[in-house]
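Below is the sequence, then the predicted model.
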Amino acid sequence: MSTGQGKISQATVFCDQCKVLVCHLCLCDGLGKHTGHKVLARESACQQVKETVESTKKSLESMSTVVQDQSQKMEDLGEELEDVHRQACQKELEQTQEIEDCLQKSRTHYCELVRSCSIQQDLKRAVTKFRSASMSCLQTMATDEPGKCQSIIPLIKSPSSAGKEAPRVQNKCLTTWGFNSTSFTAESLDSNSLWSVTIEKNSSHVGDTKSGYLFGVGIASDQLGNKELVGMNGKSYGIACSNGNLVYCHNSKIEQLMPLDGLPLSITVCVTNDQSESVILSFTITNSSWGDTLSCKKVLMDFIHGDPIYPVFTVSQRVKMQFPTHV
């Protein structure tokens, strides 16, 4: 291995400018790379380098000590600042929580006041509405509804005329043409109306009149399908015979009236729709075996004034419905 132009075994002097050991050939004029450089004897150079290293070491150790002291001071200062920041944040959070609690209490109190005021207003309106409805209901119950109604025979589409455009005919007798029950829908009412129907046993069919849905008579807000039973859906109200009992029913909810003693049975339906917020539905049930009549009256709030009202009828195979020949 060589240093400059000579071998390491021949390096006897030290180039102070380049800081390397060189041989005498490297110092020759015009030949060596270190011509004109300051050179030192190898022993002197070693002593000089040693002194420089020791001086630099002491300087670095002194600087390291200063840096460590400064670093410790910075750490102490950082911890102090963090502690101050932590205390300031805690105080800020406590103040914020106090303000939030105060605002929440105020909000809760305000909401309670608003709710109380709203409840009082709702209660006042409800009492006023209830008073008006109660008076109207009492007047309705005391009114002779049949005296206000026109006696009619409902116009019912013949079973053989299933199309929507088929003419309406006055069927005097309704019987089912299906295996179970059939429903009929008459023309909608154009005024306060009253009609009667007699339910008799169907002599062409032998069956128990004390089980299942036997018949239904009432009104609906829309036309019923052939298999939609009166009172067993949300659009119809009526008197029905179910499992041997006469019941008032709507949307499959049943109100028991009395047991069915036997047939024939006459039902008169009276509908008054001149009220602004309700329809008055009255029933009178007559059975020769009683020697008396049963009357009931319902105030229907679901009907909107002006909406169509359809007389509806349901008959099973075991019965037939007979309308009067004239009114």
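Done, it's in.

would you list every one of the helices in this structure?
Taking DSSP state H as the test, the helices found in the chain are 42-142.

What is the least confident helix or strand in it?
Using mean pLDDT, DSSP states H and E, the weakest-scoring helix or strand in the chain turns out to be strand 2-3, at a mean of 43.

And the pLDDT at H24?
Note for H24: predicted pLDDT of 69.

just A142 next, same as before
With respect to pLDDT, A142 has a value of 66.

quick thing: my sequence starts at 53, can you match it?
With the count now opening at 53, the last piece we talked about shows up as A194.

and L317, what is it in contact with?
Applying Cβ atoms under 8 Å, 6 or more residues apart in numbering, one finds that L317 lies in contact with T250, I251, I337, T338, N339. Yep, even glycine has a C-beta here, placed from its N, CA and C like the rest.

tell me which of those residues is nearest to V364?
I251 (14.4 Å; Cβ to Cβ).

circling back: and the contacts of L317 as CSV, adding pLDDT?
Below are the contacts of L317 laid out as CSV (pLDDT from 0 to 100):
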residue, pLDDT
T250, 94
I251, 93
I337, 93
T338, 91
N339, 85
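
Just send those residues back as CSV, with neighbour count too.
Listed next are the contacts of L317 as CSV, based on neighbours: other Cβ atoms under 10 Å:
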residue, neighbour count
T250, 16
I251, 26
I337, 21
T338, 17
N339, 20
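
For the stretch 203-352 of the chain, give me the ranges with low pLDDT.
For the stretch 203-352 of the chain, applying pLDDT under 70 flags the ranges 209-223, 229-231, 327-328.

Do a quick rundown of the strands in it.
Listed in chain order, the strands of the stretch 203-352 of the chain (DSSP state E, counting those that start in this stretch) span 208-209, 220-221, 225-226, 233-237, 245-253, 265-272, 288-294, 297-302, 305-311, 317-324, 331-339, 344-352.

closest one to T148 among those?
Closest to T148 of these is strand 305-311 (Cβ to Cβ; 56.5 Å).

still on that earlier bit, is it possible to export the strands of the stretch 203-352 of the chain to JSON lines including distance to Q202?
What follows is those, written out as JSON lines (distance: least, Cβ to Cβ, whole Å):
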{"stretch": "strand 208-209", "distance to Q202": "18"}
{"stretch": "strand 220-221", "distance to Q202": "18"}
{"stretch": "strand 225-226", "distance to Q202": "21"}
{"stretch": "strand 233-237", "distance to Q202": "20"}
{"stretch": "strand 245-253", "distance to Q202": "6"}
{"stretch": "strand 265-272", "distance to Q202": "15"}
{"stretch": "strand 288-294", "distance to Q202": "20"}
{"stretch": "strand 297-302", "distance to Q202": "24"}
{"stretch": "strand 305-311", "distance to Q202": "26"}
{"stretch": "strand 317-324", "distance to Q202": "10"}
{"stretch": "strand 331-339", "distance to Q202": "14"}
{"stretch": "strand 344-352", "distance to Q202": "18"}
